[in-house]
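> Sequence and predicted structure, then a few things I'm wondering about:
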Amino acid sequence: MDIKIKAVELSEIQPMLLENIMGFVSCFDSYLESHIVNAQHYRIMKDTEVIGYFSIFKKGLLTQFYIEEDYRQYGQEVFHKVRRSEEIQHAYIPTSDELFLSHAVDYARKVDIQAYFFKDSKREVSDRKIPNFYCKQATERDIDFIKEKSGDFFDDVERQIEGRELYIGEIEGKAVAFGIIEKSKLYHQVASIGMFTIAERRQQGIGTNMIIALKELCYEEGNTPIAGCWYYNHYSKKTLEKAGLFSQTRLLKIQL
């Protein structure tokens with residue numbers, strides 16, 4: 001069988017990519033999305049027909065692998081060729097991506113759990129709300145303060161404020177937390193949310209209230225909120241769960 005691989009732009013494989021990820025039981029968050037969107041993408045061809053695609057982030061990390069259903073009998077042969085196409089060392093795979101995961105485990109040397117992906121249960125959490133908690137949009141005047149209090153938690157404060165992604169949580173006019181809403185570049189009407197509580201105000205339910213406020217903002221704009229956190233960040237996991245989210249999907253890092 002003549003399998004050919006060709007480097008292409010995201011736009012050339014995006015219809016197939018969207019078809020693939022829309023079949024997942026859970027959406028993935030902005031962290032994994034950035035590793036997919038900013039990867040080098042490749043079209044997989046059998047003779048002259050396009051049968052799939054894959055994506056590699058910074059040469060060594062495989063972030064997508066997909067084959068059309070009519071050609072999945074060739075899956076192992078194709079994955080073997082993909083794996084040898086560059087110096088791939090690892091793969092990022094959500095457990096909701098059965099096709100990719102099944103082919104990667106054939107070669108797995110080590111499997112680590114990287115993160116949780118969360119969705120909203122939409123259960124009532126009004127008993128968690130702090131009565132005088134208020135969430136507002138961050139502005140350019142807040143840049144230095146956000147950087148001072150949050151360190152390197154946010155990737156690019158200037159860009160994120162310009163994009164109207166950052167928020168400040170206040171109690172009685174005093175900042176106690178920061179939040180972020182990142183609209184998905186792949187999913188329609190989906191946004192990743194996250195928060196950072198100022199150090200001296202932790203363990204007071206403020207993070208939970210920030211997540212609740214961000215969820216409400218998402219719904220007001222017609223977006224579905226999702227979230228993710230590092231697998232070993234137990235405090236973030238508890239905060240998200242208290243705010244009504246739950247996880248049934250994990251992000252795996254598989255050494256190939």
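All right, it came through fine. Numbers count the residues shown, from 1 in each chain.

> Could I get the CA-only coordinates of stretch 210-220 as PDB?
Extracted in PDB, the C-alpha atoms of stretch 210-220 (Å, rounded to 0.1, in the frame of the first residue of the first chain):
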ATOM      1  CA  MET A 210     -14.600  33.000  40.600                       C
ATOM      2  CA  ILE A 211     -15.400  29.800  38.700                       C
ATOM      3  CA  ILE A 212     -19.100  30.200  39.300                       C
ATOM      4  CA  ALA A 213     -19.000  33.800  38.100                       C
ATOM      5  CA  LEU A 214     -17.000  32.800  34.900                       C
ATOM      6  CA  LYS A 215     -19.500  30.100  34.200                       C
ATOM      7  CA  GLU A 216     -22.400  32.600  34.400                       C
ATOM      8  CA  LEU A 217     -20.600  35.000  32.100                       C
ATOM      9  CA  CYS A 218     -20.100  32.200  29.500                       C
ATOM     10  CA  TYR A 219     -23.700  31.200  29.600                       C
ATOM     11  CA  GLU A 220     -24.800  34.900  29.200                       C
END
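
> Contacts for it, please.
Residues from elsewhere that reach stretch 210-220, judged by CB atoms under 8 Å, 6 or more residues apart in numbering: 120, 125, 128-129, 133, 135, 167, 169, 177-181, 191, 193-195, 197, 224-225, 227, 239-240, 243-245. C-beta: built from backbone N, CA, C; applies to glycine.

> Buried ones only from the residues you listed, please, as a ChimeraX command.
With 16 or more other CB atoms under 10 Å as the criterion, this ChimeraX line picks the buried residues out of those:
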select :120,125,133,135,167,169,177,178,179,180,181,191,193,194,195,197,224,225,227,239,240,243,244,245
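
> The most centrally placed residue in the chain and residue 65, how far apart?
In the chain, the centroid-proximal residue (CA atoms, centre = their mean) is residue 29; its distance is 1.9 Å. Separation of residue 29 from residue 65 (CB to CB, to the nearest Å): 19 Å.

> Okay, now the unreliable bits of the stretch 1-150 of the chain?
Scanning the stretch 1-150 of the chain with the threshold set as pLDDT under 70 gives 1.

> Could you pull out the strands in it for me?
Assigned strands in the stretch 1-150 of the chain, in chain order: 3-8, 40-46, 49-57, 61-67, 90-94, 110-120, 133-137 (criterion: DSSP state E, counting those that start in this stretch).

> hang on, the earlier thing: so is the closest residue to the residue nearest to the centre of the chain other than its chain neighbours in a helix, a strand, or just coil?
Take residue 29 and drop its neighbours on the chain: the residue closest to it by CB to CB, 6 or more residues apart in numbering is residue 228, 3.4 Å away. Three-state assignment for residue 228 (DSSP: H, G, I helix; E, B strand; the rest coil): strand.
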